[in-house]
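Chemist: sequence and computational prediction follow.
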Amino acid sequence: MIKKLHFICALAAAAIACSCSGNKAQAEAKADAAAADSLPVVYYIKEITPENLQRIYHALGRKAEGENVAVKISTGESGKSNQLAPALIAPFVHEVNGTLVECNTAYGGNRSTTEDHLRAAREHGYMDIARVDIMDADGQVKLPVDSGKHLKYDIVGKNLLNYDFLVVLSHFKGHAMGGFGGALKNVAIGIASSDGKAYIHTAGKVQTPDSLWHNLPEQDAFLESMAEACKAVFNHMGDKVLFINVANRLSVDCDCNGAPAKPKMADLGILASLDPVALDRACVDMVFNSSDPGKDDLIERINSRHGTHILDAAEELGLGSQKYRLVTLPDTGEKAK
């Protein structure tokens, strides 16, 4: 009788243990699902078309609105550069009633003065689709950087203050100094005035382009300075900003190069997010995880410049997350993945 009682008790204990184990597994599964749902979403669509650029914008659920909407692009150094084609972006720019915005460069070339920059924008077809504003044409302003290691402020084109909303429309590709260029670099360097670019590139040492190349810091300090410049802009804009990366013509060189290396990797697609860190991380992940053998040169460019450190720095500053949930937008009639 006693043995039978012990056996019954053992069975009951085992049942309770199994129940507890099952409940724990269910709780963990729910926690994992909740954590995944809380991650920033990066939308992706493979085919690069004007229509899909508009579709991915709509998927974000944040409308670019206001009396003045800025669309930050790179106008490109020359006709041989890989900047986004006007025909690709025109319908989207028209939908948001956007002004294409840029700032002058900090190096000698076709865009270091406002006159030359506007000429380049015209020659590259951008003035045929929208108004172009060189934001530092009439001066610059300082936006404070909270708790920066290198920068006390970000020096940006004065006309940034005229805009109610900022669309960061970036060509994702390699970059000779940053390793890669995406949303973060388009904001940090792209919205900085000529003096601001020198200030970021030298990690706060100088503010004049003439002194830039003699005062370059160690690489990580430059990448961290770009993240700090982004923080200043994002603090200024609040939630009136969104981010779209077009990953095509994937040269190891940026659009600031007038004679870039020929792309060896096939186009990846269009990605978009409300989180710039997640967006750039997703683009980098797609390059590294691609089965395309042409990716090797771009990976080498990113790694040799320690390019992903900007993501670490930006995440540490609270600008976004390197963990994300990728949502692939479907072709017509398919369900999202």
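Modeler: Done, it's in. Numbering: from 1, shown residues only.

Chemist: which parts of the stretch 51-200 of the chain are helices?
Modeler: With DSSP state H, counting those that start in this stretch as the criterion, the stretch 51-200 of the chain has helices at 86-95, 114-123, 183-188, 194-201.

Chemist: out of those helices, which is closest to Glu65?
Modeler: With respect to Glu65, and counting by C-beta to C-beta, the nearest of those is helix 86-95 at 11.0 Å. Placement of C-beta: from N, CA and C, glycine included.

Chemist: now the closest one: how far from the chain's centre is it?
Modeler: Remark: helix 86-95 is offset 19 Å from the chain centroid, using C-alpha atoms, centre = their mean, to the nearest Å.

Chemist: give me the angle between it and helix 114-123.
Modeler: If you take axes from the mean of the first three to the mean of the last three C-alpha atoms, to 10 degrees, helix 86-95 sits at 100 degrees to helix 114-123.

Chemist: adjust the sequence numbering to begin at 704 for everything that follows.
Modeler: With 704 as the first residue, the last one maps to helix 789-798.

Chemist: list the residues that contact the residue nearest to the spatial centre of the chain.
Modeler: Per C-alpha atoms, centre = their mean, the C-alpha nearest to the average position across the chain is that of Ala886, at 2.1 Å. Neighbour list for Ala886: 871, 873, 946, 948, 979, 982-983 [criterion: C-beta atoms under 8 Å, 6 or more residues apart in numbering].

Chemist: about what we covered before: now the helices of the stretch 754-903 of the chain as CSV including distance to Ala1017 and mean pLDDT?
Modeler: CSV is the format used below for the helices of the stretch 754-903 of the chain (distance: least, C-beta to C-beta, whole Å; pLDDT from 0 to 100):
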stretch, distance to Ala1017, mean pLDDT
helix 789-798, 25, 98
helix 817-826, 27, 95
helix 886-891, 6, 98
helix 897-904, 14, 97
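
Chemist: quick one: closest of the ones you listed to Arg1008.
Modeler: helix 886-891 (11.4 Å).

Chemist: which pLDDT value belongs to Cys959?
Modeler: If you check Cys959, the pLDDT there is 82.

Chemist: for it, give me phi and psi.
Modeler: The phi/psi pair for Cys959 (degrees, to the nearest 10) reads phi -80, psi 0.

Chemist: could you find the closest non-adjacent residue to it?
Modeler: Here the nearest residue to Cys959 in space, its sequence neighbours aside, is Glu780; by C-beta to C-beta, 6 or more residues apart in numbering that works out to 5.2 Å.

Chemist: wait, isn't the one you found in contact with His827?
Modeler: No. Checked against C-beta atoms under 8 Å, the pair Glu780 and His827 is beyond contact range at 9.4 Å.

Chemist: what sits against Ala1017?
Modeler: Applying C-beta under 8 Å, 6+ apart, the residues near Ala1017 are 887, 930, 933-934, 979-980, 1023.

Chemist: now these as TSV including secondary structure?
Modeler: Shown next, in TSV, are these (DSSP: H, G, I helix; E, B strand; the rest coil):
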residue	secondary structure
Leu887	helix
Ala930	helix
Cys933	helix
Lys934	helix
Pro979	helix
Val980	helix
Gly1023	coil
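
Chemist: just these now: which is nearest Gly997?
Modeler: Leu887 (24.2 Å).

Chemist: surely the closest one meets Ala981?
Modeler: No. Using C-beta under 8 Å as the test, Leu887 is too far from Ala981 to be in contact (11.0 Å).

Chemist: who has more neighbours, those two?
Modeler: Set Leu887 next to Ala981 and count neighbours by other C-beta atoms under 10 Å: Leu887 wins out with 29 against 26.

Chemist: show me what contacts that one?
Modeler: Neighbour list for Leu887: 929-930, 933, 979-980, 983, 1013-1014, 1017, 1022 [criterion: C-beta under 8 Å, 6+ apart].

Chemist: of the contacts of Ala1017, which is the nearest to Glu921?
Modeler: The shortest approach to Glu921 among these belongs to Ala930, at 15.1 Å (C-beta to C-beta).

Chemist: wait, that closest one touches Gly1023, no?
Modeler: No. If you go by C-beta under 8 Å, Ala930 and Gly1023 don't touch, sitting 10.2 Å apart.

Chemist: which one's more surrounded, the two?
Modeler: Neighbour tally, Ala930 and Gly1023, criterion other C-beta under 10 Å: the higher count belongs to Ala930, 28 against 25.

Chemist: now Cys783. Nearest residue, chain neighbours left out?
Modeler: Quick fix: residue 783 reads Lys, not Cys. Using C-beta to C-beta, 6+ apart, the closest residue to Lys783 is Ala962 (5.7 Å).

Chemist: how many neighbours does the one you found have?
Modeler: Around Ala962 there are 9 residues (other C-beta under 10 Å).

Chemist: and it, what pLDDT?
Modeler: Reading off the model, Ala962 has pLDDT 81.

Chemist: can you pull the phi/psi pair for it?
Modeler: phi -140, psi 70.
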